[in-house]
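>>> Have a look at this prediction, sequence included:
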Amino acid sequence: MAGHARVGEAAGPYDLADLATTAEELANSHLDLGSILVPVVEGGQVSVEMSVDNQPEAVYLLTPVGRITVAAYAAPKTPGQWREIVLELGDSIRAEGAEAITENGHWGREVFTDVPGDETHRFIGVDGPRWMVRCVASGPRETAGHLAQLARAVLAESVVRRGSDPFPPREPLPLILPDVLAEQVKMAQRQLGEEDQLAIDELPPEAYDAGPAVRPAARPVDETPTGPISRGTAMQRLRNRR
């Protein structure tokens, strides 16, 4: 049974089961990625990172002030998973020699790091009913404040489609590309795969004009901030995405 909440009230991230907003309305304002529906950012683009077995690993919203990714994970019925991850995330960042600053944000604790000579990264998490949403905002130091505001606005309008399938805590919920986006990714991958005819670094700019950027991963990369299936520290995983 639908609830009474509506997107557009900046009261999210929402659970799809609690929304009175119709599927048609969501289709006009959000990018449906299966387990998570994210609002379309005006003036932004979409970048898809694929694994070596051609599965979507991450979807980034590229904006003039930086990139934002929102992902949904399974969580226990009892909230508190994000609080645990914040502590582990801070330890992981400090182990890389960077400073991890814990700040109080709209939903609770956020983790911010400013890597010298690099870019800033802000981690925002929210616990929901049997799910957790994690948002990462990365960009230049000079746009960090604006990017943080934009990331919170995106998160406040995101919608989680948890489903009833069982998943262990911290397991990423399935990421599914919409048909149009999936077809654009396949086209870009075919162009990238023509290595014997055209070197990847010589691809003409128009190859990406009509669709999203595609960044194939050199190996499967797990975006989960912590947990038994994570590969590498938090900062290593972020560096792998540039």
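Great, that's in hand.

>>> distance of the spatially most central residue of the chain from residue 48?
By CA atoms, centre = their mean, the chain has its centre lying nearest to residue 69, at 2.4 Å. Distance, residue 69 to residue 48, using CB to CB, to the nearest Å: 11 Å. For the C-beta atoms, the positions are set from N, CA and C on the backbone; glycine is no exception.

>>> for residue 152, same thing?
Taking CB to CB as the measure, residue 152 falls 23 Å from residue 48.

>>> Looking at these two, which one has more neighbours?
A direct count of neighbours by other CB atoms under 10 Å for residue 152 and residue 48 places residue 48 higher, at 24 against 20.

>>> phi, psi of residue 144?
For residue 144, the backbone dihedrals (degrees, to the nearest 10) come out as phi -60, psi -40.

>>> just residue 56 next, same as before
phi -70, psi 130.

>>> Return the set of residues that bridge with the closest residue to it other than its chain neighbours.
Counting by CB to CB, 6 or more residues apart in numbering, residue 56 lies nearest to residue 175, which is 4.9 Å off, once chain neighbours are set aside. Per DSSP bridges, the residues bridged to residue 175 are residue 34.

>>> Now do residue 175, the pLDDT please.
Looking at residue 175, its pLDDT is 93.

>>> Hmm, it is touching residue 51, no?
No - checked against CB atoms under 8 Å, the pair residue 175 and residue 51 is beyond contact range at 10.5 Å.

>>> Going along the chain, name the helices of this protein.
With helices called from DSSP state H, the chain shows them at 23-29, 81-95, 144-156, 179-192, 234-239.

>>> My guess is residue 73 contacts residue 130. True?
No - with contact defined as CB under 8 Å, residue 73 does not reach residue 130; the gap is 10.2 Å.

>>> Pick out whichever of the two has more residues nearby.
Each of residue 73 and residue 130 has its neighbours counted (other CB under 10 Å); residue 73 has more, 26 against 19.
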